[in-house]
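Asks: model the following, please.
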Amino acid sequence: MEWDISTITAADYTVEMPIDERFYNSWYQDHYLGSFGDSKYGFSVGYSFKSLLKRVIENRVTQYKEAHPHELNGDQNVKTQIVDIVLSCNNHEIIKLLKKRGKLISHMKFAKVEKINAKINDYAKKWQITSRPLEAFITFNTEEDHSAALKLGEEGFEIYGKHRVTFSQAPEPTDIIWENRTAKNTDERIAMRRTIVFFSMCCIILVIFWFALKLGT
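Replies: So this is what the prediction gives:
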């Protein structure tokens, strides 16, 4: 089954994969910076890491399809193909500063812009922290591959040694920019949900109280 752009969105074929810090640091030190690592051949960190994920995950999903032929629709003998991987990095502070700088420029407060620029430059020097990926959004070529990946991800599997990874359904890219997802977003989403639940309960209680008053009169 090939892509039908008129009826699907990218998220229909995409899974979300949290990236463990120990896994990434181990790969970075041993594979990327190693004696025969990709850095010696001029490959960027992002390209090298995506290539690793693509190779390993395609193989694991293909193996899962071959081992579970009755659970999935479509041709299980077709090799899994990943068409895109988007990494979400630890850069939420820089994004906030850039937004703040944009507002200051629009209001012509150039004196304060210099202070923001200094903070941005400080974060830029911490590129090893801000460029570390926290999540990967992996888009497959077919619905069968996407379904197999989700089933495999529910069980979890080991990658690059003893580092266990899982998959979940990705959110719509129209709802959130995948590249801007950070660990902080998880806490923010939980806090937002709790706030919504709290106000919903307050509204329900007020409605019940109002009806009780109406019935009493």
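Asks: tell me which stretches of this protein form strands.
Replies: 14-18, 82-89, 133-140, 157-159, 163-165, 168-169 (DSSP state E).
Asks: format those strands as TSV; extra columns: mean pLDDT and distance to His70.
Replies: Every C-beta, even on glycine, is put in place using the N, C-alpha and C of the backbone. Formatted as TSV, the strands of the chain follow (pLDDT from 0 to 100; distance: least, Cβ to Cβ, whole Å):
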stretch	mean pLDDT	distance to His70
strand 14-18	92	22
strand 82-89	89	24
strand 133-140	91	20
strand 157-159	85	20
strand 163-165	86	25
strand 168-169	90	22
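Asks: pick the most deeply packed of those.
Replies: strand 133-140 (a mean of 23; mean count of other Cβ atoms under 10 Å).
Asks: adjacent strands (with direction) for that one?
Replies: Sheet pairing of strand 133-140 (DSSP bridges) gives strand 14-18 (antiparallel), strand 82-89 (antiparallel).
Asks: hang on, the earlier thing: the strands of the chain into JSON lines, with extra columns for distance to Ile205?
Replies: Below are the strands of the chain laid out as JSON lines (distance: least, Cβ to Cβ, whole Å):
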{"stretch": "strand 14-18", "distance to Ile205": "36"}
{"stretch": "strand 82-89", "distance to Ile205": "38"}
{"stretch": "strand 133-140", "distance to Ile205": "38"}
{"stretch": "strand 157-159", "distance to Ile205": "46"}
{"stretch": "strand 163-165", "distance to Ile205": "43"}
{"stretch": "strand 168-169", "distance to Ile205": "34"}
